[in-house]
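Trainee: sharing a sequence plus its predicted fold:
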Amino acid sequence: MSNQLNQANKAAVWDLWQRLNHTTIDQAPDLLHAALHTDVNWNVSAPIDQIMGVEAVIADFWLPLRRAFPDLKRAPYVFMGGIDDGSTRYGSTAGEEWVSGCGYMTGTFVNDWLGIPATGKKTNIWFGVFYVMREGKIAEAYLQVDVLSVIRQAGYQLMPPAPGFEGGKIPGPLAKDGILLTEQDPLESRKTAQLVGAMAGGMRRYVRARDGGDLRSMQQNKYWHQDMKWYGPSGIGGCFTLEEYEDFHQRNWLHGFGDRDIDAEPRGRAMGWIGEGAYCCGGIWDGAFSYNHGDYAGIPATGKLMTMRDFDWWKREGEFLIENWVPIDMIDLLRQLDVDLMARLRDQIEARKRGAAELW
């Protein structure tokens with residue numbers, strides 16, 4: 001029964017996405033009314049944040065997005081779903097029905113969006129989303145959009161250059177096998193989820209006070225292919241080997257946010273911990289994850305307890321994890337460090353009007 005339910009939920013979301021790709025801005029509200037619960041809890045990366053109810057989703061999120069990008073089309077490259085078993089340490093609920101995916105929305109940027117000046121050019125918006133399904137409709141949504149990438153494509157740089165690769169579109173699975181519209185082998189699904197769980201357990205072996213910049217306690221080479229690909233958000237960038245992943249992301253991150261297994265409020269929302277075939281997904285939304293005990297991205301440590309909006313999609317190849325897509329809400333992360341990136345954007349826009357030099 002759970003497999004049938006999962007297939008029906010995926011089909012409902014996939015149908016909605018295809019219809020939205022081929023509808024006018026005036027027709028979209030009817031599709032959303034049919035696919036979303038009236039009291040849907042809709043959450044988007046900063047500066048949008050939480051929206052409650054289908055009418056507000058249409059008025060405050062979907063219509064402004066479509067007016068900015070009238071020809072917007074969604075092209076996911078990972079799409080999957082499943083029933084949460086409740087095993088995540090962040091306290092997800094067993095039995096919840098999830099559908100998730102990541103990829104790109106692409107459209108011509110003809111009207112300003114979120115204060116970002118329109119360019120008149122094709123713009124690629126990296127997204128990752130988790131939906132909670134109830135009775136065949138979307139009851140909750142958690143949507144990451146790489147707003148910083150849109151801003152960069154518009155010609156503004158709000159953070160120091162990323163340590164990893166940044167620019168262009170983040171690739172999808174090399175095997176082009178991430179759209180899981182059909183039922184997957186449950187043994188393969190379990191194997192993938194177990195490997196990801198073991199990898200996460202290895203990360204928790206790191207102890208900041210003991211290990212510092214030495215990452216060997218995590219033994220990540222046991223879980224990742226040496227030529228793994230890790231695709232992070234704007235501000236972090238992409239890493240194309242395990243060594244790059246450690247040098248460009250992990251050491252910097254652990255220097256700023258190196259606590260593991262922290263037990264603190266707020267618990268936030270746990271995304272569905274789902275293995276399906278060779279893929280696994282999971283994440284947290286506004287969950288406490290570390291104190292800020294070191295500088296990060298040039299920002300001095302604050303000592304604050306940090307929450308995070310962080311999603312993952314992993315691909316297993318044989319006995320190792322080979323690819324990982326990791327949207328993180330960097331605007332929300334930095335505003336907790338008392339850095340308002342949207343204010344930086346407004347300042348840069350005004351400075352450009354005056355012909356003044358720009359600084360992030």
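Mentor: Yep, that arrived. Numbering: from 1, shown residues only.

Trainee: confirm that residue 129 sits in a strand.
Mentor: Yes. Per DSSP: H, G, I helix; E, B strand; the rest coil, residue 129 lies within a strand segment.

Trainee: next, the contact list for it, please.
Mentor: Shown in contact with residue 129 (CB atoms under 8 Å, 6 or more residues apart in numbering): 100-102, 141-144. C-betas here are computed from N, CA, C, even on glycine.

Trainee: tell me which two in these are the farthest apart.
Mentor: 102 and 141 (13.8 Å; CB to CB).

Trainee: more crowded one of the two?
Mentor: residue 102 (26 against 19; other CB atoms under 10 Å).

Trainee: look up phi and psi at the more buried one.
Mentor: Torsion angles at residue 102 (phi, psi; degrees, to the nearest 10) stand at phi -150, psi 160.

Trainee: check the burial of residue 346 by counting its neighbours.
Mentor: Other residues close to residue 346 by other CB under 10 Å number 11.

Trainee: quick check: buried residues in the helix or strand where it lies?
Mentor: Using DSSP states H and E, the element containing residue 346 is helix 341-354. For helix 341-354, the neighbour count (16 or more other CB atoms under 10 Å) marks 341-342, 344-345, 347-348 as buried.

Trainee: what lies in contact with that helix?
Mentor: The contact list for helix 341-354 (CB under 8 Å, 6+ apart) reads 46-47, 114-117, 148, 151, 156, 158-159, 330-331, 334-335, 357-358, 360.

Trainee: mind checking which of these are in helices?
Mentor: Among those, the residues falling in helices (DSSP state H) are 148, 151, 330-331, 334-335.

Trainee: let me have these in CSV, adding distance to residue 302 and neighbour count as columns.
Mentor: Listed next are the ones in helices among the contacts of helix 341-354 as CSV, based on distance: CB to CB, whole Å; neighbours: other CB atoms under 10 Å:
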residue, distance to residue 302, neighbour count
148, 21, 25
151, 24, 24
330, 16, 24
331, 16, 27
334, 11, 21
335, 12, 16
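
Trainee: looking at those, which is nearest residue 305?
Mentor: The closest of the ones in helices among the contacts of helix 341-354 to residue 305 turns out to be residue 335 (CB to CB; 14.4 Å).

Trainee: is it true that that closest one touches residue 46?
Mentor: Yes. Counting by CB atoms under 8 Å, residue 335 touches residue 46, with 6.5 Å between them.

Trainee: contacting residues for the closest residue to residue 295 other than its chain neighbours?
Mentor: Spatially, and ignoring its direct neighbours in sequence, residue 295 is nearest to residue 301 (5.6 Å; CB to CB, 6 or more residues apart in numbering). Contact analysis of residue 301 by CB under 8 Å, 6+ apart lists 256, 292-295.

Trainee: got those residues as JSON lines, with pLDDT, distance to residue 79 and neighbour count columns?
Mentor: Formatted as JSON lines, the contacts of residue 301 follow (pLDDT from 0 to 100; distance: CB to CB, whole Å; neighbours: other CB atoms under 10 Å):
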{"residue": "256", "pLDDT": "97", "distance to residue 79": "32", "neighbour count": "21"}
{"residue": "292", "pLDDT": "98", "distance to residue 79": "34", "neighbour count": "21"}
{"residue": "293", "pLDDT": "95", "distance to residue 79": "38", "neighbour count": "19"}
{"residue": "294", "pLDDT": "96", "distance to residue 79": "37", "neighbour count": "15"}
{"residue": "295", "pLDDT": "97", "distance to residue 79": "38", "neighbour count": "14"}
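
Trainee: and of these, the nearest to residue 318?
Mentor: When the contacts of residue 301 are ranked by distance to residue 318 (CB to CB), residue 256 comes first, at 33.3 Å.

Trainee: next, give phi and psi for that closest one.
Mentor: Torsion angles, degrees, to the nearest 10, at residue 256: phi -90, psi -40.

Trainee: burial measure for the residue nearest to it when sequence neighbours are not counted, as a count.
Mentor: Among residues not flanking residue 256 along the chain, residue 296 sits closest, at 3.1 Å (CB to CB, 6+ apart). Using other CB under 10 Å, residue 296 is surrounded by 20 other residues.
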